[in-house]
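In: what's the 3D shape of this:
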Amino acid sequence: MLFRKFLSLLRREYNGYAKRYFLVAGAGLLLSALLSLLVDFLIPFEGFWNALRSLMLIPTTLSIFALGYGSALFLHERQVATNPEWVPFRKRFSPLWRRNISLIAGALIIIFVYALGQRPGYTLFSSAFVAIVIGLFAFMRTTREEALREELSLPDSRDTRFTQHEQALRQARQRAQEQRKGGKKKTSKSFPDEE
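Out: Next comes the predicted model:
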């Protein structure tokens, strides 16, 4: 609920005055990124200092996410203006598939964060990864219709279409295998072994 309100606030700010939205988010990112780099260079990676480092992560993450979300809104508007029939990526996938995609992406992000190690720039890169995770939550959140459908345990038509397509592909593959086997038998009969 709070997350939806946060996204609505960002959307209102963007729709109100997009240029100001990007200026504020960009200035916030620049300032917080410089501070996080200073923290990484000047403060050791241990104990209490890591708590201070995690506090620095909050404004940087929010600035990165705000810029990313604003960019997504801008690209959406541009796509709709050029092609009214364009379908947003979020609507192309059912909630189940959005969760699956987000789970895989989240696992990859965790691996990348561990691979980074504790070095200057760690806080900034970690903020970017956390912003991506927040973006994944925004991507996989359900619409009101989807939430109601899940509450009533009704199947999603996108999942049904995918299952039907998968079954059709499996049947086509089986038919092709059977035809290949049948072709091999005919070939072996038409060329009997010489005595």
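In: Near residue 49, how many other residues are there?
Out: By the criterion of other C-beta atoms under 10 Å, residue 49 has 13 neighbours. For the C-beta atoms, the positions are set from N, CA and C on the backbone; glycine is no exception.
In: And the helix or strand in which it is found, what does it pack against?
Out: Residue 49 is located in helix 47-82, with elements delineated by DSSP states H and E. Judged by 3 or more C-beta pairs under 8 Å, 6 or more residues apart in numbering; DSSP states H and E, helix 47-82 is in contact with helix 2-16, helix 18-42, helix 122-140.
In: Now the second one: average pLDDT?
Out: So the one you mean is helix 18-42. Averaging pLDDT along helix 18-42 gives 91.
In: Could you check the angle that helix makes with helix 122-140?
Out: Angle, helix 18-42 to helix 122-140, by axes from the mean of the first three to the mean of the last three C-alpha atoms, to 10 degrees: 140 degrees.
In: Show me which positions of helix 18-42 end up buried.
Out: For helix 18-42, burial by neighbour count (16 or more other C-beta atoms under 10 Å) applies to 21-22, 24-25, 28-29, 32-33, 36-37, 39-40.
In: what's next to that helix, contact-wise?
Out: By C-beta atoms under 8 Å, 6 or more residues apart in numbering, the surrounding residues in contact with helix 18-42 are 10, 13-14, 52-53, 56-57, 59-60, 62-64, 66-67, 70, 74, 119-124, 127.
In: Which of these are buried, as a ChimeraX select command?
Out: Buried residues within the contacts of helix 18-42, by 16+ other C-beta under 10 Å, are selected in ChimeraX with:
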select :10,13,14,53,56,57,59,60,62,63,64,66,67,70,122,123,124,127
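In: Okay, residue 8 and residue 90: tell me how far apart.
Out: Relative to residue 90, residue 8 is positioned 16 Å away (criterion: C-beta to C-beta, to the nearest Å).
In: so what are the domain limits for this protein?
Out: According to automatic domain parsing, the chain comprises the domains 2-151, 156-185.
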